[in-house]
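Asks: The amino acid sequence is not available; the structure is as follows:
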């Protein structure tokens, strides 16, 4: 259902059940899935791919060109999955030649005034609280919860099931299942409440806590801690995921609290 006060490019591919409020602008090379609602004064620019049953609140700008001086007008996309909510005045830029696309997954909640820059990949079931600002080529894994006003440096990797304190300045990778807080950003324990809510067993949570005791509370450096974890703790999917994350952390992982 389209309001006559909106502008929709004739080449845009919009499912019949999409609801479009007044004063919306939708450019060419845009696709919007069934059941999505576009609030007033939303701007959807070239390259947007929006899934089913999303809600985009007033003032959001989706698929704007990257704020990157290396961008040369290449054809790229901004992809939003199904059942995702984009609140007021959120900005999501499309990709550059680096990766070709910016991705936000399914069932996400991106709260007001947040920014997702070019070539970011945001997983499923992620919550970004108000005014979260994510620089280019950041990866945020499934079920991460990011507190309001958080600033995340380019190329950082946020692991799955992580919880980040509001107002944090993130300039290192944050490994899976942890809470990150304080200034400078530091390990603040395992996100045990979040894990219980997602049906992780008590034994699994205990095993994750034991891994992080080696990493952050043993006095070992990261390499030695990983060797000890591999040698002394039983292999589990969570153990192996944490080890792989730490070994591949290009920016290094956050430090322990001192």
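Replies: That came through fine. Values in this document were obtained by computation on a predicted structure and should not be read as measured data.
Asks: hey, where'd the helices end up in this protein?
Replies: Remark: helices assigned in the chain by DSSP state H are 192-197, 202-212, 222-232, 237-247.
Asks: okay, those helices in CSV with mean pLDDT, distance to residue 9 and mean neighbour count next?
Replies: Every C-beta, even on glycine, is put in place using the N, C-alpha and C of the backbone. Below are those laid out as CSV (pLDDT from 0 to 100; distance: least, CB to CB, whole Å; neighbours: other CB atoms under 10 Å):
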stretch, mean pLDDT, distance to residue 9, mean neighbour count
helix 192-197, 97, 42, 14
helix 202-212, 97, 49, 16
helix 222-232, 96, 51, 14
helix 237-247, 97, 42, 16
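Asks: Including distance to residue 32, could the ones you listed go into TSV?
Replies: TSV is the format used below for the helices of the chain (distance: least, CB to CB, whole Å):
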stretch	distance to residue 32
helix 192-197	32
helix 202-212	39
helix 222-232	45
helix 237-247	34
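Asks: for this structure, what are the low-confidence residue spans?
Replies: Low-confidence segments of the chain (pLDDT under 70): 1-3, 258.
Asks: swap the cut-off to 90 and go again
Replies: Along the chain, segments meeting pLDDT under 90 span 1-5, 256-258.
Asks: Give me the most central residue, it.
Replies: The residue at the geometric middle of the chain, judged as the C-alpha nearest the mean C-alpha position with CA atoms, centre = their mean, is residue 122 (3.1 Å).
Asks: give the contact list for it.
Replies: Contact criterion CB atoms under 8 Å, 6 or more residues apart in numbering gives 103, 104, 105, 108, 116, 128, 134, 140 as the residues in contact with residue 122.
Asks: now those in TSV, with neighbour count and distance to residue 247?
Replies: Shown next, in TSV, are those (neighbours: other CB atoms under 10 Å; distance: CB to CB, whole Å):
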residue	neighbour count	distance to residue 247
103	20	24
104	27	27
105	21	24
108	24	28
116	29	27
128	28	27
134	27	24
140	28	19
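Asks: out of those, which one sits closest to residue 82?
Replies: Within the contacts of residue 122, distances to residue 82 taken as CB to CB reach their minimum at residue 105, with 8.9 Å.
Asks: so who does the nearest residue to the closest one once chain neighbours are set aside touch?
Replies: Excluding the flanking residues, the one nearest residue 105 by CB to CB, 6 or more residues apart in numbering is residue 124, at 3.9 Å. Going by CB under 8 Å, 6+ apart, residue 124 touches 81, 105, 106, 107, 108, 142, 143.
Asks: what about 7 Å?
Replies: Contact analysis of residue 124 by CB atoms under 7 Å, 6 or more residues apart in numbering lists 81, 105, 106, 107, 108, 142.
Asks: ditto for residue 78
Replies: Under the criterion of CB under 7 Å, 6+ apart, the neighbours of residue 78 are 47, 48, 62, 63, 92, 93, 94, 102.
Asks: surely the last one meets residue 116?
Replies: Meaning residue 102. Yes: the pair residue 102 and residue 116 passes the contact test of CB atoms under 7 Å, sitting 6.4 Å apart.
Asks: Which members of the contacts of residue 122 occur in strands, if any?
Replies: Among the contacts of residue 122, the ones falling in strands (DSSP state E) are 103, 104, 116, 128, 134, 140.
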